[in-house]
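In: show me the folded form of this:
(2 chains)
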Amino acid sequence: MGRYLKLLGAFFSNSLTRDMEFKANFFGLLFVDFVYYGSYLLFFNIIFSYVDSLLEFTKADVMVFLVITFLMDTLYMFAFAGNLGKLNRMIVRGDLDFVLLKPVNSQFFISFRYFNSYALLSVVILSVLLWVTGVNSGREISLINVGFFLFSFGMGLAILFSVDFIIASLAFWFKNFSVGGWLSHEILKFSSRPDTIYTGLLRKTMFTFVPMALISSVPARMLLYGPRLDYFVIQMIVSSLFLVVARIVWTRGLRLYDSASS
Amino acid sequence: MAITTANLTKTFRIFKRDAGLKGALKSFFHRKYENFTALSDVSLEIGDGEIVGILGENGAGKTTLIKLMVGLLHPTDGNVLINGFTPWERKNQFLRRISVVMGQKNQLWWDIPASESFLLNQKIYGLEDDQYKQTLGELVDLLGVQEKLNVQVRRLSLGERMKMEIIAALLHRPEIILLDEPTIGLDVIAQSKIRDFVKYYNEQHRSTFLITSHYMNDIQEMCKRVVVIHKGKKFYDGNFDILVNRVNPVRKLTFEFVDLPDGEILQALQKEFVYKLDSNFLTAELRGDDMNQFMSRLFTMNTPRSFSLEELPVEETMKSFFANPEKFIKGLG
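Out: As a prediction, this is how the structure comes out:
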């Protein structure tokens, strides 16, 4: 465990050194992120100029939900996006070779090798923004809420990672699955809307097979409305299941890896 | 044995289609696959501390063999044992004992200095600071790249980059090192530096080296033993000099007379041997025993002002070998 923490530190240090080589790119990426978040906030502000609430989610609740979504997205960008986004290309071109030759768990290596260090600044800004929107939501947010929120948020991140990882790993079977990035992007879009907008079968799907509601909505509910055991248990089962499936897909996929030619 | 392979076979399923738009459309609806055997029934035994060259044309199966040996590929049939480990199980203890340098692939991070990637490798292999510094110092001195350590990899020349790749691969002091085209694209000085380094490192650390290269000078200088792979099969496993001599036993003699012998003597000599005479310079290209007899005759009749005896260039020799390998291999085993 200690060795892997040290490795995470080394990966981050390498990534930061690399990112600081290109100052304009560093701040440019930060700027693009906030333009993206701004457009979402504007979109929901327009919606709330016509309605007062989305079922039990008030405008203030939705603002908290959105910041949680942004935070989730930014943490994902920080830790995983720079890695899983390259997976298809690495499989096609045989660039996994050097990953597989290292005495480190290959799934860990491929998932954390490159950090997008600029996103850490976004994480800090969004954490402050979450505090502010939480305080202004008018809800009573206890320490228990915060504790459950943090657990729930971690499980949401695990689901987000697993979904993207599983889709990216399909490149082992399809040999070139560049569309995988778009596919996960489109699926994950469902997680950036409050779960209250989904009804019927779609809602059930979002809480189980395509568990997009478990990524940001459930953590937001834990923070705003307090712990809900049923949601918490579902999240634990689904996140564990998705992590196991991601592991199986990876190990099976590696058997198909043909390393391209020299 | 450091490396043992038994009846190693690797077959790839490859997608085939005709050229052009019509072929693309046809294959879009009806895919044709073919099994391509990249390696067939290869058995080898390589001892500790050996330097073995793997020779073969493009697509012969050299890189497939190396990738099977390090566990990047699973074999279709057969087995490999590397210091007692099955490579494709990818156990950490195994991965700590081997290293691969691929001339056409990089493990170093492009945008940061190589020294940063070395530090990362220190963490990956869990090397103690003292051991890391000592190994790094030794490798940097041997390869003469002290001043380039803190330069971004993308700003290094090809030769400097390859030296850094070699350092990254050897920091953890692997017992078995596989070099796949380590000198590809390098100038002669850089090639020579890398060859000298491999020989020195092998002598000092008794590491086992397996080398593929299209530059025959690499093989000639570094490897006594070669394994020739032809169309996926082991074609020859033995001494490189014997192979070269078998392919082209001709040597070239240049003999400068102080005074030309009588015309009659020269005419008599011409009946027995083929040579050319240009003023005082005699040149001849003859096989082993013929050359020995010819030289003995020349030296008894005359003392030369100068003379030289050359092997024909090994690159040329091996070119003719690969044009028709079956012709030369019979009886060599």
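In: now the element after the helix or strand where A:Val128 lies, going C-ward?
Out: If you go by DSSP states H and E, A:Val128 is part of helix A:118-136. Counting by DSSP H and E, the element after helix A:118-136 in chain order, helix or strand, is helix A:143-169.
In: and the angle from that following helix to helix A:118-136?
Out: 140 degrees (axes from the mean of the first three to the mean of the last three Cα atoms, to 10 degrees).
In: near chain B at all, the next helix or strand after helix A:143-169?
Out: The element immediately downstream of helix A:143-169 (helix or strand, assigned by DSSP H and E) is helix A:171-174. No. Legend: contact between helix A:171-174 and chain B by Cβ under 8 Å from any Cβ of the partner chain is lacking; minimum distance shown is 11.9 Å. Heads up, the C-betas are built off the backbone N, CA and C, glycines and all.
In: helix A:171-174: which residues count as buried?
Out: For helix A:171-174, the neighbour count (16 or more other Cβ atoms under 10 Å in any protein chain shown) marks A:Ala171, A:Phe172 as buried.
In: please name every helix or strand in contact with that helix.
Out: helix A:82-93, helix A:229-256 (3 or more Cβ pairs under 8 Å, 6 or more residues apart in numbering or on different chains; DSSP states H and E).
In: can you give me how far the first one is from the chain middle?
Out: The one in question is helix A:82-93. In terms of Cα atoms, centre = their mean, to the nearest Å, the centre of helix A:82-93 is found 18 Å from the chain centre.
In: what does that helix rub up against?
Out: If you take Cβ atoms under 8 Å, 6 or more residues apart in numbering or on different chains as the criterion, helix A:82-93 is touched by A:15, A:95-96, A:99, A:110-116, A:161, A:164-165, A:168-169, A:171-172, A:175-178, A:180-181, A:257, A:260.
In: and after it, which helix or strand comes next?
Out: helix A:97-100.
In: would you mind naming the helix or strand containing B:Gln122?
Out: Using DSSP H and E, B:Gln122 maps to helix B:114-124.
In: and the contacts of stretch B:37-49?
Out: So stretch B:37-49 is contacted by B:1-12, B:52, B:61, B:64-65, B:68, B:78, B:175, B:202, B:206-208, B:210, B:227, B:229, B:232-234, B:237 (Cβ under 8 Å, 6+ apart).
In: likewise stretch B:248-255?
Out: With Cβ under 8 Å, 6+ apart, stretch B:248-255 has contacts from B:281-288, B:291, B:294-295, B:298, B:304, B:306-312, B:316-317, B:320.
In: hmm, back to that, the contacts of helix A:82-93, buried ones only, as a ChimeraX selection?
Out: In ChimeraX, this line selects whichever of the contacts of helix A:82-93 come out buried by 16+ other Cβ under 10 Å:
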select /A:15,95,96,99,110,111,112,113,114,115,116,161,164,165,168,169,171,172,177,180,181,257,260
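In: ranking helices and strands of chain B by mean pLDDT, which lands last?
Out: Sorted by mean pLDDT, DSSP states H and E, the helices and strands of chain B end with helix B:325-329, the least confident at a mean of 76.
In: which helices and strands does that one pack with?
Out: strand B:225-230, strand B:233-239, helix B:240-247.
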